[in-house]
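Visitor: The sequence and its predicted three-dimensional model are supplied below.
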Amino acid sequence: MERTLIIIKPDGVQRALVGNVIKRFEARGLRLAGLKLIQIPRALAEEHYAEHKGKGFYEGTVTYMTSAPVVVMVLEGPDAVAASRATMGATNPLNAAPGTIRADFGLNISRNLVHGSDKPETAEREIKLYFQPGELLSYTRAGDGWLKE
Ligand SMILES: Nc1ncnc2c1ncn2[C@@H]1O[C@H](COP(=O)(O)OP(=O)(O)OP(=O)(O)O)[C@@H](O)[C@H]1O
Ligand SMILES: [Mg+2]
């Protein structure tokens, strides 16, 4: 069992796609462990995107991510990081495969709707940025047994 951090970015919230995005992860079998609507403070966005500091898109990304509410969630399931990245599609929606969130709902790399942790170690770091341990729930859904052999 693995956990990952997903953010529905400001464009996803403003375009009323929150339900559509969650639906795809849920339908795939990933389970919500935490979920909330927040506006990201600048310091938190800078910490989250620290690896991109100095790149041309860094300032724009930080400004954008803090500009309006986002939905942050922790999803869990087997290979949750890779599975959710596959459901999201390539960073640039123009290169994302049809059927992925970014291809089906987006056209622009800096308005690509969702963030997902890129590695299990990154997920551990990012989950701690957005959630207190007590905000994450461990439970089993009635249908979970039907998702595996
Ligand atoms: N060349 C670019 N121009 C504009 N924005 C970019 C560019 N590259 C990345 N970004 C923005 O910065 C975010 C982080 O880039 P990263 O390389 O980590 O891609 P990613 O891991 O696919 O996306 P994310 O971290 O949001 O899940 C991208 O999702 C995108 O919003
Ligand atoms: Mg990334």
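Guide: Yes, it's here. Ligands and ions are numbered 1, 2, ... in the order given.
Visitor: Okay, now the unreliable bits of the protein?
Guide: By pLDDT under 70, the chain contains no weakly predicted segment.
Visitor: Which residues of it lie near ligand 1?
Guide: Phe57, Thr61, Thr91, Ile109, Ser110, Asn112, His115, Gly116, Asp118 (CB under 6 Å from any ligand atom). In short, each C-beta sits where N, CA and C put it, glycine included.
Visitor: Just the buried subset of those residues, please.
Guide: By neighbour count, with 16 or more other CB atoms under 10 Å, the residues of the chain next to ligand 1 hold Thr61, Asn112, His115, Gly116 as buried.
Visitor: now, which of those lie within helices?
Guide: Thr61 (DSSP state H).
Visitor: Return the closest of the buried ones among the residues of the chain next to ligand 1 with respect to ligand 1.
Guide: Minimum distance to ligand 1 across these is 3.6 Å, recorded for His115 (CB to the nearest ligand atom).
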